[in-house]
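Following is a predicted model, sequence given first.
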Amino acid sequence: DALPISDGTTHALIASLTGLQVGTLDVGADRSGAIVTLAAGGAGAPGRNGYAIAGSVAVAQMRNTITAEVDDVASLTATGAVTVEAHDKLTNVLVAGAAAVGGKAGIGVGVAVGLIDDSTTARISGSSVAHSGDVSVKASNDAQTVSVAAALGVATGTSTAVGLAGTFSVNMVESQTTAEIVDSTLANNSASDGDIVVNATDDQGIVSFSGAFAAGRTAGFGIAMSLNFLTMATRATIRNSDTGDSSKKAQSLTVKARTDGEVVAIAASGAGGEKAALAGSVALTKSSGITAASVTGGSTLRTRGAILIDASEGHSAFAFAGAGAVSQKAAVGASVALNLVSDTVRAQVSASTLDSSAGAATVQVGTDDDLNGIALAGAGAQSFAAGGSVVVNTFGGTLEALVDTASIGGSITGSSVSGKTGVTVKAVDD
């Protein structure tokens, strides 16, 4: 058995300063590399009445926190760009394999379980920033989880020999990716530069394989399951912040959140026996969460150029389940492939003012999910054979592009969005 537990923190911080003068400022936190968890088991009892049992369990529990932050700097002056970025690029690999060959019974079981909780944050908070270049606050999660579970069970001895193989590849992944500017002032001293960009991107991925094969002189039973759950919260936010007086306008403003979760689940099983054979496979992907881009909390942001508040997601899910059973008397093969997606996508301006003096202002959301499921099942026998497969693809969720009011300190304050060349509020479902 392999049971690694990782609890890691990566933190880049500038905090609690009365003054800081720089040319350019780069604050970056990055986590990368690979963690491999491997478990293998084997057993052999080839005698006529021998029992062989092999099992392996690979479990990886990861909790990773990556933060880049500028906090409580009373006066930060930069003649160039200010960049605050946090990135998660960790790859987690799990492999569990088992093989058993016995006379009377051969039993192989492989289990791979990934429990992942990632938090990636880039933030400017409680600070006053005078800049002559771009201000960029970016958080991205590009972590990947790969799990493989495989098992073989063979029994060749007596007339009551039974082969059994079972595999379970289970992944539960949660991620929070946040880019934000909070309780801060960003005053632009440049007449031509000075874009403000707040960008959160989550491209978390899971690839899961589960394979089981069982053969017995009398009967064989093979079961394979690949179960994957991905929960993502991606947020780009400006809250209770401003660009100072009207002469300190930013060149442009972009607040953008994008979720691109990708899950691939493959389950394959096979079984053979003279009297009975049963093979079953289940492949499941389930993705859910929230993607939000927002300007809230009484923010006042003025620009010379375009303003874009954009939230979008594009989940990609592929589930394949295959099963085959062969017997002289009775054989059954069954497979199920499921893709379940539910997400809330929101672009919002609440109780705040956005003003572009020479460009357009756009508040928009979009989605472009891609779900694919394949299930194959076959059975062959002289007396009785049955094969069945089911594919289910479902998508549900909410798309919201909002300019609204909010309650702040007990009072109702309205939002204002203005653009010299136009204002667009748009929701698109592709």
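That came in fine, so what should we check first?

Pull out the buried residues from the longest strand along the chain.
Looking across the chain with DSSP state E, the single longest strand is strand 51-73. Within strand 51-73, the residues scored as buried using 16 or more other CB atoms under 10 Å are 51-62, 64-71, 73. (Glycine included, C-beta is placed from N, CA and C.)

what packs against it?
Using 3 or more CB pairs under 8 Å, 6 or more residues apart in numbering; DSSP states H and E, the elements in contact with strand 51-73 are strand 5-17, strand 25-45, strand 82-102, strand 105-125, strand 128-131, strand 144-155.

Would you reformat the ones you listed as JSON lines and include distance to residue 237 and mean neighbour count?
Shown next, in JSON lines, are these (distance: least, CB to CB, whole Å; neighbours: other CB atoms under 10 Å):
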{"stretch": "strand 5-17", "distance to residue 237": "19", "mean neighbour count": "13"}
{"stretch": "strand 25-45", "distance to residue 237": "18", "mean neighbour count": "17"}
{"stretch": "strand 82-102", "distance to residue 237": "14", "mean neighbour count": "24"}
{"stretch": "strand 105-125", "distance to residue 237": "9", "mean neighbour count": "25"}
{"stretch": "strand 128-131", "distance to residue 237": "17", "mean neighbour count": "21"}
{"stretch": "strand 144-155", "distance to residue 237": "26", "mean neighbour count": "26"}
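
among those, where is the model least confident on average?
The stretch with the lowest mean pLDDT among those is strand 5-17, at a mean of 88.

and that strand, which strands flank it?
With DSSP bridges as the test, strand 5-17 is paired with strand 51-73 (parallel).

relative to strand 82-102, how tilted is the strand it pairs with?
Strand 51-73 and strand 82-102 are oriented at 170 degrees to each other (axes from the mean of the first three to the mean of the last three CA atoms, to 10 degrees).

If you average the pLDDT over strand 51-73, what comes out?
Model confidence over strand 51-73 averages 94 on the pLDDT scale.

Measure how far it is from the centre of its chain, please.
14 Å (CA atoms, centre = their mean, to the nearest Å).

Next SSE downstream of that strand?
Going down the chain from strand 51-73, the next helix or strand is strand 76-78, by DSSP states H and E.

How about residues contacting that next one?
Applying CB atoms under 8 Å, 6 or more residues apart in numbering, the external contacts of strand 76-78 come out as 17, 19-25, 70, 82, 127-133.

ok, now stretch 324-331?
219-220, 222, 269-279, 332-333, 377-387.

Weed out the non-buried ones from those residues.
Among those, those classed as buried by 16+ other CB under 10 Å are 219-220, 222, 269-273, 275-279, 332-333, 377-379, 381, 385, 387.

What are the neighbouring residues in contact with residue 260?
For residue 260, the contact set (CB under 8 Å, 6+ apart) comprises 201-203, 313-316.

Give the ChimeraX command for selecting the buried subset of those residues.
This is how ChimeraX selects the buried members of those, with burial counted by 16+ other CB under 10 Å:
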select :201,202,203,313,314,315,316
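
Could you point out which of the contacts of residue 260 is nearest to residue 92?
The closest of these to residue 92 turns out to be residue 203 (CB to CB; 14.8 Å).

Now, the contacts of stretch 324-331 that are in helices?
Using DSSP state H, no member of the contacts of stretch 324-331 sits in helices.

Residue 170 is nearest to which of the helices and strands packed on strand 51-73?
For the helices and strands packed on strand 51-73, the distance to residue 170 is smallest for strand 105-125, at 4.9 Å, taking CB to CB.

Just checking: what are the partner strands of the closest one?
In the sheet containing strand 105-125, its partner strands are strand 51-73 (parallel), strand 162-182 (parallel), by DSSP bridges.

how far out from the middle of the chain is the last one?
The reference is to strand 162-182. Remark: strand 162-182 is offset 9 Å from the chain centroid, using CA atoms, centre = their mean.

Check which helices and strands the helix or strand just after it sits against.
Later in the chain than strand 162-182, the nearest helix or strand by DSSP H and E is strand 185-188. If you count contacts as 3+ CB pairs under 8 Å, 6+ apart, strand 185-188 packs onto strand 128-131.

and after the strand it packs on, which helix or strand comes next?
The helix or strand immediately downstream of strand 128-131 is strand 135-141, counting by DSSP H and E.

That following strand pairs with which strands?
With DSSP bridges as the test, strand 135-141 is paired with strand 82-102 (parallel), strand 196-202 (parallel).

Distance to residue 284 added to these, as a markdown table?
Rendered in a markdown table, the data for the strands paired with strand 135-141 read as follows (distance: least, CB to CB, whole Å):
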| stretch | distance to residue 284 |
| --- | --- |
| strand 82-102 | 17 |
| strand 196-202 | 21 |
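
Can you say which of those strands is nearest to residue 163?
Nearest of the strands paired with strand 135-141 (CB to CB): strand 82-102, 8.3 Å.
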